[in-house]
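A.B. asks: got a sequence here, can you build the structure:
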Amino acid sequence: LSNIKHQAVATVVLKWHKWINQTITIRHINRLAMADYTLFDSKIQFNYKQLNLFAEASNVLDTKYLEAGFVQMPGHWFKIGFDLKLNFAKK
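C.D. replies: Prediction:
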């Protein structure tokens, strides 16, 4: 009864600068025997050479919803971090 009946996903990528971009994702989910819900996520990234800094917000609107198996999902949450790509290839 918690299976997804319909799902619509829209993603927009905004390029604010050659090193800065933002991804915005909106998902509307309709499950068989549960109330519909919409989730809004956003991620902004700064990419320069091997360094990627990011800040991410999930469930920005603090939507209360149940996931498959009728599990209550958390409200909004945020995370920040970085990725560093190191090249150890021998020449």
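
A.B. asks: show me the residue at the heart of the chain, geometrically.
C.D. replies: The centroid of the chain falls nearest to residue 41 when counting by CA atoms, centre = their mean (4.6 Å).

A.B. asks: so it sits right up against residue 58, yeah?
C.D. replies: Yes: using CB atoms under 8 Å, residue 41 makes contact with residue 58 at a distance of 4.9 Å. C-beta: built from backbone N, CA, C; applies to glycine.

A.B. asks: tell me how far the residue nearest to the centre of the chain lies from residue 22.
C.D. replies: To residue 22, residue 41 is 11 Å away according to CB to CB, to the nearest Å.

A.B. asks: show me where this structure has its strands.
C.D. replies: 4-15, 20-31, 37-48, 51-58, 66-67, 71-72, 77-84 (DSSP state E).

A.B. asks: redo those strands as JSON lines? Include mean pLDDT and distance to residue 90.
C.D. replies: Shown next, in JSON lines, are the strands of the chain (pLDDT from 0 to 100; distance: least, CB to CB, whole Å):
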{"stretch": "strand 4-15", "mean pLDDT": "95", "distance to residue 90": "35"}
{"stretch": "strand 20-31", "mean pLDDT": "95", "distance to residue 90": "33"}
{"stretch": "strand 37-48", "mean pLDDT": "96", "distance to residue 90": "25"}
{"stretch": "strand 51-58", "mean pLDDT": "96", "distance to residue 90": "23"}
{"stretch": "strand 66-67", "mean pLDDT": "81", "distance to residue 90": "46"}
{"stretch": "strand 71-72", "mean pLDDT": "81", "distance to residue 90": "48"}
{"stretch": "strand 77-84", "mean pLDDT": "95", "distance to residue 90": "20"}
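
A.B. asks: distance of residue 65 relative to residue 56?
C.D. replies: 19 Å.

A.B. asks: swap in residue 39?
C.D. replies: 13 Å.

A.B. asks: of the two, which one has the most company?
C.D. replies: residue 39 (18 against 15; other CB atoms under 10 Å).

A.B. asks: many thanks, I have nothing further to ask.
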